[in-house]
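>>> no sequence on this one, just coordinates:
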């Protein structure tokens, strides 16, 4: 089990030369937008025109969501403890777990697994929704805490429509949305996680990379928040008294005969 | 010292509305490239045309550097221990410390501090270089381990030239390069950290944000490496026997009369 | 979904007073060993005499395992990138994932779930082993990469025997070991993860806390490794050329008609 | 600059054998308390009787401080984002930066640097205090936010006194406390960071390891807090509306003629 060679198909380094997926970094710096370069690095191939546009829209969409997401709170708290920018931002990325951006992978996984079936999309959607309802489980990618109609989701689907971009997974996502509304009697729209999940699936990305897009997008926001904490606030931020509450054991003493 | 309010000037969230630095995210998704959106989030203002082009070039330049930088190694090692993609990537970001991307801030700091002086650029450069030589200290941003002529640096300065982009800090960086070569008798060119430092300084960014650009750029590479480790390699990677060496105390026993 | 109060039953703070699980920290500092204090903090109660001894043995057992575990490698790599001691150690802790110490929780979970059954221990063991063999799945906590007979495991069971410590979970673990050997025809002994899992289960700890004991133990080793890297090695450690290999796409150019 | 060998003097691993600083782990598990094993791992030698007692007291003293320190908040926030126990605890450790436990190293550094002088302790203390007052800088290790008389500090010095433990650094710390009070006209007592700094310095530990003791101690608290968050609270904790405030630019639009 000794692994002592690091194999990679991503980037080749020689003296004076850097090639990302075979392309000279100089040429990439000349001709690619940042989101195209991201696509190339992750996919291994240059994006087609519609993929390029969709990727741009996705990466812009989640660039920040204010100070309340747990990732921004962590980044700011860690900065406050007297740490460097990269440590704070790392803490923010670390917070982006299973319920904070994790819906992208979970939704993409569902779309990819169910999308493999040979049935008609509408039939797959019916079976999918009824299985989840039966198991009393939420379908990741549908519904949102705050934004009933998430402006980012509407825009993403708009961009896709204008580009004539879309494939099996986006169709399935939209069929599921319809089916959910019918079954539950209330609107449970695709949210931004579901929209991104559907789009990246139709770009051919593995669901396991799903959260990566969200992290790459949100990184700029985390840097901004960590920096803002650094320049605007005093170090070692603390909660005021009224924000916490002890409800553990009352005062007690170690018995004389203990041990 | 109770801090219970989180103040932010970055993003405003209302039901159904997200505004980054005052701009509606929907409009941003419509009109901005990803690197423009990054600029807006960090700077607080839309980039001018030349700033937009330079930021694109900077963010593309450092998108990956293969498997050997410590950040890629950490990300892959953490993934290998059986952790999630975000944990692995967080570890990679955490590695981007004072000597791994840190030169960008240190160089930007020097350019910004010295650039404030009212002297002629060439005089400032002379004093700067001779002070560092006297203190026997390297000037961050100059020289490179592997690439004697770093293709990324040459390209960045080419882009700047074509755009007619540049200000006091870039002039100072170039004057320092000339002065260093004269003083040391050998070529110690600006490296990619120094180039980025000079450019962001002329865009008006605080040096303390310097490393953020490198992290935002390299994130895509880290995601790619963590993902590659996940799909190509067995978990729990180990060094082979010949890679480590114990040189501590020899065999010994706890004495009977200890304590 | 607004959570703005932090409730805790662990520690109560008043001006001039700190009470951990109800006990005055001054009294704890007077009367408890460090491992007893750890037990109290995690369990919420003072340990009984045998629990105290077992906890001590467990926490000592995993204090370090040299430079090759991924956690030590991460800690050292992060330190090398020019980061602080706490950042490096955090990276080490971050590496302790599902396959690096994770077996403790997975094994504890199995012992706790199966241990709830009302059957005889030997019958439970038979069903457990045959279910795992049928599903072609390894039972976490049994077998070891390097140490065929792990000295730490033998010692832990020795300590337990001398203390007459043990309950349903330890019995089950030992019955599973016997059953595995019978079924597979080769020895697949309990390893240190399995031993710890069994012991903490008999102390009444939830399996979800399982990895915490390993982390608390290994912390000292990680601090030692990060510190050693700091004082003995040059910053920015790199792999030599022969340690990595690029096997991605060959040289190629962006086509003129791309996009 | 190719580093491909990992050298360590901490732990030697052979098949069936683990030796920490030369001692067989089995013997260590037999004879050492957990705090003694921590001392051995970090120092490289077995502690003397008084050192053993002091280390125990130090490690117990900081085991937890409730839910308000930034490290507990980070750990809980990261857990809340849907991450594993080790990720949450790692985030807590990451928060223990320059102003959160960092005073231990900064104070130890001052005591060690100034303690090297050949003057009388009282004279060193006078010069030290007047230099810091002149530079308008706080001396790390003195004064406390909440506890005017920190019970942990009083206890640590009590233990030291009873053991007759103490050397140059503890003397200097106490002389500085006296001198500060005289100079400022108000009591600025040694706090727990200063007490730990003084004690570990008299044990011969390098100041750069200073924060390690605090991290090792607090780890148990962080595990308890992460676990408590896991079992008591719903995932994805959020601040209520009234806890944040946007004060950035007002609504604006991207101009038609932008770029």
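Cool, got the structure. Being a predicted model, the structure only gives us computed values, none of them experimental.
>>> what ranges do the helices span in chain A?
With helices called from DSSP state H, chain A shows them at A:25-31, A:34-43, A:49-61, A:70-80, A:85-95, A:102-115, A:121-134, A:151-163, A:168-184, A:192-202, A:210-232.
>>> please work out which of these is packed deepest.
helix A:85-95 (a mean of 32; mean count of other CB atoms under 10 Å in any protein chain shown). For glycine as for every other residue, the C-beta is placed from the backbone atoms N, C-alpha and C.
>>> give me the mean pLDDT for that one.
Across helix A:85-95, pLDDT averages out at 98.
>>> determine how far it lies from the middle of the whole chain.
15 Å (CA atoms, centre = their mean, to the nearest Å).
>>> partner strands of the helix or strand of chain A with the lowest mean pLDDT, with direction?
None of the helices or strands of chain A scores lower by mean pLDDT, DSSP states H and E than strand A:244-246, at a mean of 88. The partner list of strand A:244-246 in its sheet, established with DSSP bridges, is strand C:6-8 (parallel).
>>> CSV for the helices of chain A, including distance to residue B:158?
Formatted as CSV, the helices of chain A follow (distance: least, CB to CB, whole Å):
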stretch, distance to residue B:158
helix A:25-31, 9
helix A:34-43, 17
helix A:49-61, 24
helix A:70-80, 35
helix A:85-95, 29
helix A:102-115, 38
helix A:121-134, 49
helix A:151-163, 32
helix A:168-184, 40
helix A:192-202, 34
helix A:210-232, 26
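>>> point out where the stretch 51-200 of chain A drops to low pLDDT.
A:144-148 (pLDDT under 70).
>>> how about the residues of it by chain D?
Listed as neighbours of chain D in the stretch 51-200 of chain A under the rule CB under 8 Å from any CB of the partner chain: A:66-71, A:73-74, A:77-78, A:80-83, A:87, A:90-91, A:94-100, A:102, A:145.
>>> hang on, the earlier thing: buried ones in the least confident helix or strand of chain A?
A:244, A:246 (16 or more other CB atoms under 10 Å in any protein chain shown).
>>> what is the burial count for residue A:10?
By other CB atoms under 10 Å in any protein chain shown, 25 other residues sit near residue A:10.
>>> quick check: it vs residue B:90, distance?
19 Å (CB to CB, to the nearest Å).
>>> got a list of what the residue nearest to residue A:189 when sequence neighbours are not counted touches?
Excluding its sequence neighbours, the residue lying closest to residue A:189 (CB to CB, 6 or more residues apart in numbering or on different chains) is residue A:177, at 6.1 Å. Listed by CB atoms under 8 Å, 6 or more residues apart in numbering or on different chains, the contact partners of residue A:177 are A:142, A:188-190.
>>> buried subset of the residues you listed as a ChimeraX selection?
Only the buried entries of these go into this ChimeraX selection, using 16+ other CB under 10 Å:
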select /A:142,188,189,190
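>>> among the contacts of residue A:177, which lie within strands?
Of the positions in the contacts of residue A:177, not one sits in strands, assigned by DSSP state E.
>>> how about the residues of the stretch 1-150 of chain A by chain C?
A:1, A:4-13, A:19, A:21-24, A:27-28, A:31-32, A:44, A:46-49, A:52, A:83-84, A:86-87, A:94, A:145.
>>> residue closest to the middle of chain A?
residue A:214 (3.1 Å; CA atoms, centre = their mean).
>>> which ones are touching the nearest residue to residue A:227 once chain neighbours are set aside?
Excluding the flanking residues, the one nearest residue A:227 by CB to CB, 6+ apart is residue B:209, at 5.1 Å. Contacts for residue B:209 (CB under 8 Å, 6+ apart) come out as A:85, A:223, A:227, B:42, B:200.
>>> residue C:132: which of the helices of chain A is closest?
helix A:102-115 (25.3 Å; CB to CB).
>>> other residues contacting the closest one?
Residues outside helix A:102-115 that contact it (CB under 8 Å, 6+ apart): A:96, A:98, A:124, A:127-128, A:139-141, A:168-169, A:172-173, A:191, A:193-194, A:196-198, A:200-201, A:205, A:207-208, A:210-211, A:213-214, D:82.
>>> hmm, back to that, ok, which pair from the contacts of residue A:177 is furthest apart?
The distance between the two most remote of the contacts of residue A:177 (CB to CB) is 8.7 Å, for A:188 and A:190.
>>> need the residues touching each of these two.
By CB under 8 Å, 6+ apart, the residues touching both residue A:188 and residue A:190 are A:142, A:177.
>>> could you report the pLDDT at the spatially closest residue to residue A:250 that is not a sequence neighbour?
Spatial nearest neighbour of residue A:250, excluding adjacent residues (CB to CB, 6+ apart): residue C:22 at 5.8 Å. We have a pLDDT of 97 for residue C:22.
>>> my read: residue A:210 touches residue A:199, true?
No. Using CB atoms under 8 Å, residue A:210 is not in contact with residue A:199, being 10.6 Å away.
>>> what sits against residue A:132?
The contact partners of residue A:132, by CB under 8 Å, 6+ apart, come to A:138-139.
>>> distance-wise, check it relative to residue A:139.
From residue A:132 across to residue A:139, the span is 5 Å (CB to CB).
>>> ok, residue A:114 next?
To residue A:139, residue A:114 is 11 Å away according to CB to CB.
>>> show me how far stretch A:39-53 is from its chain's centre.
With CA atoms, centre = their mean, you get 18 Å for stretch A:39-53.
>>> ok, it near chain B or not?
Yes. Against chain B, stretch A:39-53 shows contacts by CB under 8 Å from any CB at A:41-42.
>>> gap between the two ends of that stretch?
The straight-line separation of the ends of stretch A:39-53 (CA to CA, to the nearest Å) is 11 Å.
>>> list the contacts of that stretch.
A:9-10, A:20-21, A:23, A:28, A:32-33, A:35-36, A:55, A:159, A:163-165, A:203-205, A:209, A:212, B:63-64, B:220-221, B:223-224, B:227, C:248-249, C:254, C:258-259.
>>> go with 6 Å
Residues from elsewhere that reach stretch A:39-53 (CB atoms under 6 Å, 6 or more residues apart in numbering or on different chains): A:20-21, A:36, A:55, A:163, A:165, A:203, B:63-64, B:220, B:224, C:258-259.
>>> could you identify the most distant pair in the residues you listed?
Taking CB to CB, no two of the contacts of stretch A:39-53 sit farther apart than A:163 and B:64, at 27.5 Å.
>>> what parts of the stretch 151-259 of chain A come near chain B?
A:151, A:155, A:209, A:211-212, A:216, A:219-220, A:223-224, A:227, A:237-238, A:240 (CB under 6 Å from any CB of the partner chain).
>>> rerun at 8 Å
By CB under 8 Å from any CB, the residues of the stretch 151-259 of chain A that approach chain B are A:151-152, A:154-156, A:159, A:206, A:208-209, A:211-212, A:215-217, A:219-221, A:223-228, A:230-234, A:236-241, A:243.
>>> ok, and the closest non-adjacent residue to residue A:72?
Sequence neighbours aside, residue A:225 is the residue nearest to residue A:72 in space, at 4.7 Å (criterion: CB to CB, 6+ apart).
>>> what does residue A:92 give?
Closest to residue A:92 by CB to CB, 6+ apart is residue A:75, at 3.4 Å.
>>> likewise residue A:58?
residue A:196 (5.4 Å).
>>> list the contacts of residue A:73.
A:67, A:95, B:6, D:73, D:77, D:239.
>>> okay, those residues in CSV with distance to residue C:110 next?
Below are the contacts of residue A:73 laid out as CSV (distance: CB to CB, whole Å):
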residue, distance to residue C:110
A:67, 42
A:95, 30
B:6, 43
D:73, 33
D:77, 30
D:239, 39
